[in-house]
Structures are given as structure tokens and as C-alpha cells.
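1. Any chance you can model this:
(2 chains)
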Amino acid sequence: MSEKPQVKSSPSFFNNPRNRSLIYQFLLLAGLVYFFYGIITNTLANMEARGIKSGYDFLFTTAGFDILMSLIPYDATYSYGRTFIVGLLNTILVSTIGIVLATIVGFLMGVAHFSKNWLIRKLAVAYIETFRNIPLLLQIFFWYFAVLATLPSARQSLSIGEAIFLNVRGLYLPGLIAESGAGFVYTAIGLAFTAIFFLARWARKRQNDTGQQFPVFLTSLGILFGLPLIALLLSGIPFVWDFPALKGFNFRGGITVIPELMALALALTVYTGAFIAEAVRAGVQAVPHGQTEAARSLGLKESRIMKLIIVPQAMRVIVPLLNSEYQSLVKNSTLATAIGYPDLFTVFVGTTLNQTGQAIEIVFMTMAVYFVINMTISFVMNRFNASVELAERN
Amino acid sequence: MKQLTSVIATGLALSLSLSAQAGTLEDVQKRGNVSCGVSTGLAGFSQKDENGVWSGLDVDVCRAVAAAVLGDASKVQYKPLTAKERFTALQSGEIDILSRNTTWTHTRDTSLGLNFAGVNYYDGQGFMVSKALGVKSALELDGAAVCIQAGTTTELNLADYFRANGLTYNAITFDTSDQTRAGFESGRCDVLTSDQSQLYALRIGLSDPSSAIVLPEVISKEPLGPVVSQGDDAWFNIVRWSLMAMVEAEFLGIDSASADKAKAEGNPSQKRLMGSEGDSGAKMGIPAEWGYNIVKQVGNYAESFERNVGAGSPLKIARGLNAQWNEGGLMYSSPVR
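-> Numbering: from 1, shown residues only, chains lettered A, B, ... in the order given. Okay, the predicted model is just below:
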């Protein structure tokens, strides 16, 4: 900003453009506040007049219904407030899985688009064009009813070594039950990550200072597996396997991945992955070809050209696009309601709303949650964007 | 500055607007049709045929009200609603009546700003299982996966029943009853639970109806009936008595074929219901022949029942609890006098 010109003769308070704009803004704000105040009080008065209950007391009353999948302890005796948390965690789970996998799929397919191999290139194009152009709801139904429902029944499960089972009820994996001494192993895993973080920092600094390189990746891999392994052996392997076994109607024990989660995560991944692939393609194409040629003439290897020249510049285009794809994915996860995956929308805006009938409170809470989640994504992605942006001199 | 004034004016107008709840009858008469919330499609209760004509036991309640108020049973505007949408649609005044296999419960009656105008079908929750499982009783269902429709009383009853009997289960919750059937057919769940009337309707929709059986246990009371908004007693009365007129007509032995005769030369009770004696219509602010119009155009309760869910329909449900009170059922109308 340049310096403001100093006006010596100020005519009157109201003719000062600065004061005037402040007054207008204040009046507009007051009007808006009054507008929303009016809507809220009017709604409350009308609800009262019609005998509709309002308020958030229902959050503390017993829910009385069960939820298929919960990351925290839950049964029908918990409160409606608890159903909100259960639904929220399930939404976060499927969104996180979707974002991670869609990013991987999207980057692979986006890069495959530039492959010199004809088949790979055409496969990437076919993937992008197919899944980008089919409504997501249809894709969810496709994965759920057409693909997963063709799996065998519980009694004819596909199995790998009597430890992993796959059937129409879901994927059953062996679980680990921690015994005393497990804390030692968890500490070792934590230590390994901390060590890798500092190692990477040190290696970068050393390269910046001296130009010498250090094999960070291989060393990290060694630390990540070596340290917990040593801890595991020292503490006498404090874990036992919990294998799933067929009892009565269903498998019990181990970890169950329900087919609703698989179908929804798959659909979100494949659908959003196609858009991310396009974003990656746009980013790579936005880097002028002269950059590659210049790098080659400096004698850089092809792999280093990609890593040091193309990707950092492409990221500037990709990251803002990624941000909106991630946000769409979170919002699209509400389509879970179509196949009964117990996300926030299904559990809270579905069942809880119906049992309590308090539509306004529940819809408001749910909108607030999606707003906060997406603002968080936006915040993180903007920080990331700032780190890849062109460093300008100001 | 002008825009600012208009913003404030809009705000004022909104905050001053009052509840326009009372006067549903006048609205209906002015509009010339009854706006009625029904299901998105449930065999026997509310379903649309290939010509777009709605029929069913719940639909007949809407038609009876239209016949009583407007003299023409066809003047109904149907709004298909999911279980989740139904109460909001009624609360917001989008529909005049909700007739959508809705269970009369304490919470709904007291805290949602609604009134149940009566019961047009006494139901109870049951279980449907695949025959191949060899299950004979619901008590053998420990550990089963259960398909269920979201936002219904069945979800709560199911949890209560399994908890009371110390059984475990997985609830797989779908949005519509068609999706629960698809889930059941694909083998995602062992059991489909719903009101028994719906189970029979869903079973007909299976690709092989004989592959599934309905278990004998009935685990809940489900009185289903039409619902109106609280605070409009005149409209509440009309809906309540339209339903009662159908039940009363059956009790008095009047059906759509004999309505003309009962009106002209029936006994005093028959004549009062048909409107040729007394002023029952005037008291409700509707035509004197309201009862005659209902019976002539929609039929009495027995006709409606047999046509939609009973012997004359694919569902073949017996009258059971829904028989007249003097034939072992619960259908009882207060006298029209």
C-alpha cells in the first residue's frame, strides 16, 4: 500500500467519505442483524403457537435405536447426543479414506495420462471420461448392489487362510488384541516417527549447506520398521490375534468392514479420483514445455526433472483445485443415506430427526458440522497452497 | 439508502407475519382440492398405477375427506413423502392431511404439533426371513443382520425387543422400503422387519415370494392413522368424522351400491349418516350429504379394506383386529347424531 494522501481541509463529518462508508456499513450490518433476529424469533413464536417442541434438550434423552457401525462404544441406551458423535465420526472416517485414496488414484491417473505407453495413456483417458460423467448416486448403487451384492453368503465366504473372509456381509479381518506391555511398542512407533521427522530436517539442512545428499527414504524405512520390531521382541510380543469365526448367522471376532463402507468409499474414491486426475493433468500442462527443455539442457535426469522442476510448478495449479474436490467429497458423502451407511446424515438427519421431530435444530447442527469440516479442509489446503506458491518479493 | 430501507422493511414484514394455521377448510374450499401426504409407494396403502391414479387404504382416507368437503372424491392432490419428510411437510402446511401408514405414538402426538384423527389400520411389527434359514421363531435370530427402514417406530421396537430378550443384531438402515427389500433379496440381511401389513406387501415384490416367510411374532402395537396439524379443530373434526363415516357405514350396512336406497328410505341412523335427516354437515361447515358422498364415491370401510388389502387384492390380509367391534375387531365409530 502506498501512503494515503493527507487531506488538510475536512469539510464536515458526514461528507468525509471514510465516515460515510463506515456509517453505511454499520447500518447495513444492523439491518442484517435485525433481519435474522426477526426470522429466528418469528420461527420460535410460530413453533410455540403450533405446539412444536424446540430446544436442544433432546440431545440428552435416550436414543433407543441401534447403529450398524460405531467407532466408539454405542448401543440403544446411549443418548441422541451420542448418535450425533457416532455419525460424525463415521462421516470423518469415510471422508478421510475417500480423500486419501482419491488423491492416490487421481495422481496416478493424472500422470498416466502423459505416459508414453499407448495402452496406459488410453486407460487413463477411459477411466477419467467414464467415471466423471456418471452421476455419483448411480455409482454408489452400482458398487453396492451390482458388485458387492454378488458376493457369496456368509456360509460360502471367500477366505484367505481361514483368517480373512469376504462375503455379502462385509470383509472380516483378524484383529489384534493388545496385552500388557503393548504401550512399549506404541512408544517405539511414536519414537520412530519423531526420529524420521528430525532426520529429514537435518538431511535437508545439510544438503542446503553442503550440497551432500543423504539416503533419507531408505533410512526412514529402516527406522520405521526396525524400532517397533526391536520393541516387540524385547517386550515378548504383547499381542494376540483375534480371528473372525462363523458363529450362528454371522462372523464374530476380528475387525469387520461393512459393505456399505466399502461401497461408499469405493464410489467416492473412483468418482473424485477422476476429477483429481483432471486437476493433475491441468497442473502439469500448465508448466511451459520450455521448463523441461531448460532442465534437460542443464543435464538433469528425467526423474529429477519431474520432481524438482515440473511438480513444484504444477502444484500451484493443482492445490486450489484439490481443495474444492476434497470439499465436494465430504459433501457427497451424505449420499451414504441411499445405501444405509451410518454417516452423520443418515443417523442424525435421518433417524434422530424422525424420532424426535426436531427438524430445525438437527438440520442446523448438521449444516454447522459440514461447514466446520469444509472450513478446516480449506484452512489446511490454503496453508499448503501458501507453501507451494511462487515466492514473491514484496 | 433505498435498498437499506427495503431490507429493514422486509425484516419487519417477516417478523410481524403471524401463524396462518387455522382455516384449513376455507383454504381447501378456495383451492378446490385436498392436499394429501401419502407414501412413495406401498402396495395396498398408497400406490400409483400405470395411469398415475392413486389407490390404497390410506389414499381412501384422503378421498373420503375430499368427498365430504368438496363433494368429489377425485379432488385430491397427492404428495408422495418419505418417512423422514412427512412430519415437516405437515408442520409447514404443505399438506392438509398426512395419510401415510403413520403410527400413533405419544411423542408424535404431544411434541410435534400434530393430532392423530383416528386409526384406519391396526398393525403390529413382525419379521420376514428367508425360508432357507429354517428359523421358526424370532427368538432364534441372535446375531442376525436386520434390514429396516430409517426413521420409523420399527427401529425403536426392534432395539427394545432384541435388548429385552438378550439377543444381538446388526441393523442395516435404508431410506425407503423398496431399498430394504433389495437389501433382503441380495442377502445383505437375514431378516426384514416392518409392520406386518408392509411385510406382506414387500413379500409380493420379491422375485420369488414363496422363498420367504413371515414369522408369527408380533412385537409391537402399531395403530396407523391420518394426521392433521394441531390448532385447527374444525379441520380435525372433518378428518376424524370422514374416517368414522366409513366405519359407521359398514356397521349400519350401507355400501356404495345401497347408499342411494339408504338415503331415500333407510332407518333413522342410516338417514342421519346419509344427510337426508339432521344437520351433521352444517355443524362442520360442509355439505349436508357429506356422508352419502363418502360412501357413494369411496365406499364403506369394509369395501375399502377388501379392495385394497383384503380378499380383493394381492395382499389377502384377513380383517383380524380391523374387523368391526361386534365381529371381534377394534373398528368402532361413535354415533352420528
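2. Now do the residue minimising distance to the centre of chain A against chain B, distance only.
-> Nearest to the mean C-alpha position of chain A, by C-alpha atoms, centre = their mean, lies A:Thr96 at 3.2 Å. Counting by C-beta to the nearest C-beta, to the nearest Å, the gap from A:Thr96 to chain B is 22 Å. Heads up, the C-betas are built off the backbone N, CA and C, glycines and all.
3. On the three-state scheme, that residue is what?
-> With DSSP: H, G, I helix; E, B strand; the rest coil as the basis, A:Thr96 sits in helix.
4. what's the pLDDT at it?
-> The confidence metric pLDDT takes the value 96 at A:Thr96.
5. low pLDDT regions in chain B?
-> B:1-22, B:151 (pLDDT under 70).
6. in it, which spans are strands?
-> B:34-39, B:47-48, B:54-55, B:76-81, B:97-98, B:114-116, B:121-123, B:125-130, B:144-149, B:169-174, B:191-195, B:212-214, B:222-224, B:227-229 (DSSP state E).
7. Same question for chain A.
-> A:158-160, A:164-167, A:170-173, A:175-178, A:239-242, A:245-247, A:250-252, A:255-257.
8. can these go into CSV with extra columns for mean neighbour count and mean pLDDT?
-> Formatted as CSV, the strands of chain A follow (neighbours: other C-beta atoms under 10 Å in any protein chain shown; pLDDT from 0 to 100):
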stretch, mean neighbour count, mean pLDDT
strand A:158-160, 11, 81
strand A:164-167, 20, 84
strand A:170-173, 22, 85
strand A:175-178, 13, 79
strand A:239-242, 13, 80
strand A:245-247, 13, 76
strand A:250-252, 19, 75
strand A:255-257, 16, 85
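9. Nearest approach to chain B belongs to which of these?
-> The minimum distance between chain B and the strands of chain A falls on strand A:250-252, with 5.4 Å, by C-beta to the nearest C-beta.
10. Which residues of the stretch 201-337 of chain B lie near chain A?
-> For the stretch 201-337 of chain B, the contact set with chain A under C-beta under 8 Å from any C-beta of the partner chain comprises B:229-231.
11. Go again with 6 Å.
-> Contacts of the stretch 201-337 of chain B with chain A, taken as C-beta under 6 Å from any C-beta of the partner chain, map to B:230-231.
12. contacting residues around the residue of the stretch 201-337 of chain B found nearest chain A?
-> Using C-beta to the nearest C-beta, the closest approach of the stretch 201-337 of chain B to chain A is made by B:Gln230 at 4.6 Å. For B:Gln230, the contact set (C-beta atoms under 6 Å, 6 or more residues apart in numbering or on different chains) comprises A:51, B:113-115.
13. cool, and A:Leu266?
-> So A:Leu266 contacts A:Trp143 (C-beta under 6 Å, 6+ apart).
14. Let me see the confidence value for it.
-> pLDDT, read off for A:Leu266, is 94.
15. quick one: it from chain B, how far?
-> The spacing between A:Leu266 and chain B, counted by C-beta to the nearest C-beta, is 16 Å.
16. how many neighbours does residue 306 have?
-> This is for chain A. 17 (other C-beta atoms under 10 Å in any protein chain shown).
17. Not quite, go with chain B.
-> Other residues within reach of B:Glu306 by the criterion other C-beta under 10 Å amount to 15.
18. Please look at it and B:Ser313 and confirm they touch.
-> No: with contact defined as C-beta atoms under 6 Å, B:Glu306 does not count as touching B:Ser313 (7.5 Å).
19. picking up where we left off before, with distance to B:Glu85 and neighbour count as new columns, can the contacts of B:Gln230 be given to me in CSV?
-> Converted to CSV, the contacts of B:Gln230 look like this (distance: C-beta to C-beta, whole Å; neighbours: other C-beta atoms under 10 Å in any protein chain shown):
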residue, distance to B:Glu85, neighbour count
A:Gly51, 20, 16
B:Gly113, 16, 23
B:Leu114, 14, 24
B:Asn115, 19, 22
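20. where does the stretch 1-150 of chain A have low pLDDT?
-> Ranges of the stretch 1-150 of chain A meeting pLDDT under 70: A:1-10.
21. at 90 what do you get?
-> Per-residue confidence for the stretch 1-150 of chain A (pLDDT under 90) gives these ranges: A:1-20, A:40-58, A:61-70, A:75-77, A:111, A:113-116, A:144-150.
22. what about the helices in it?
-> For the stretch 1-150 of chain A, the helices defined by DSSP state H, counting those that start in this stretch occupy A:17-49, A:80-112, A:118-132, A:136-141.
23. hey, which of those is tucked in deepest?
-> Most buried of those, by mean neighbour count (mean count of other C-beta atoms under 10 Å in any protein chain shown): helix A:80-112, with a mean of 20.
24. Distance from the chain centre to it, please.
-> Distance, stretch centre to chain centre, for helix A:80-112: 4 Å (C-alpha atoms, centre = their mean, to the nearest Å).
25. how far off helix A:118-132 does it point, in degrees?
-> Using axes from the mean of the first three to the mean of the last three C-alpha atoms, to 10 degrees, the inter-axis angle of helix A:80-112 relative to helix A:118-132 is 150 degrees.
26. Isn't B:Ser99 up against B:Val59?
-> No: using C-beta under 6 Å, B:Ser99 is not in contact with B:Val59, being 7.2 Å away.
27. the more surrounded of the two?
-> For B:Ser99 versus B:Val59, the count of surrounding residues by other C-beta under 10 Å is larger for B:Ser99: 34 against 26.
28. can you pull the contacts of that one?
-> By C-beta under 6 Å, 6+ apart, B:Ser99 lies in contact with B:36, B:58, B:61-62, B:226.
29. For chain A, see how far away it is.
-> Between B:Ser99 and chain A the computed distance is 18 Å (C-beta to the nearest C-beta).
30. re earlier: export the strands of chain A to a markdown table and tack on distance to chain B?
-> Listed next are these as a markdown table, based on distance: least, C-beta to the nearest C-beta, whole Å:
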| stretch | distance to chain B |
| --- | --- |
| strand A:158-160 | 14 |
| strand A:164-167 | 9 |
| strand A:170-173 | 9 |
| strand A:175-178 | 17 |
| strand A:239-242 | 17 |
| strand A:245-247 | 7 |
| strand A:250-252 | 5 |
| strand A:255-257 | 9 |
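31. what would the ones you listed look like in CSV with distance to A:Leu119?
-> Below are the strands of chain A laid out as CSV (distance: least, C-beta to C-beta, whole Å):
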stretch, distance to A:Leu119
strand A:158-160, 30
strand A:164-167, 30
strand A:170-173, 31
strand A:175-178, 40
strand A:239-242, 41
strand A:245-247, 42
strand A:250-252, 40
strand A:255-257, 32
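32. quick revisit: ok, so of the contacts of B:Gln230, who is nearest B:Glu140?
-> Lowest distance from B:Glu140 to those (C-beta to C-beta) belongs to B:Leu114, with 38.1 Å.
33. Please give me every residue in contact with the closest one.
-> B:227, B:230.
34. beta partners for it?
-> B:Ser229 (DSSP bridges).
35. same question, B:Val34
-> Assigned bridge partners for B:Val34, using DSSP bridges, are B:Val76.
36. Thought B:Ala64 was touching it, still the case?
-> No: look at B:Val34 against B:Ala64 with C-beta under 6 Å: they stay out of range, at 9.8 Å.
37. Between those two, which has more neighbouring residues?
-> Between B:Val34 and B:Ala64, B:Ala64 has the larger neighbour count (other C-beta under 10 Å), namely 34 against 27.
38. so what's the more buried one up against?
-> B:Ala64 touches B:242, B:246, B:294, B:298, counting by C-beta under 6 Å, 6+ apart.
39. residues near the third one, how many?
-> B:Ile294 is surrounded by 31 other residues when neighbours are defined as other C-beta under 10 Å.
40. ok, it touching B:Ala245?
-> Yes: B:Ile294 lies in contact with B:Ala245 (C-beta under 6 Å); the separation is 5.0 Å.
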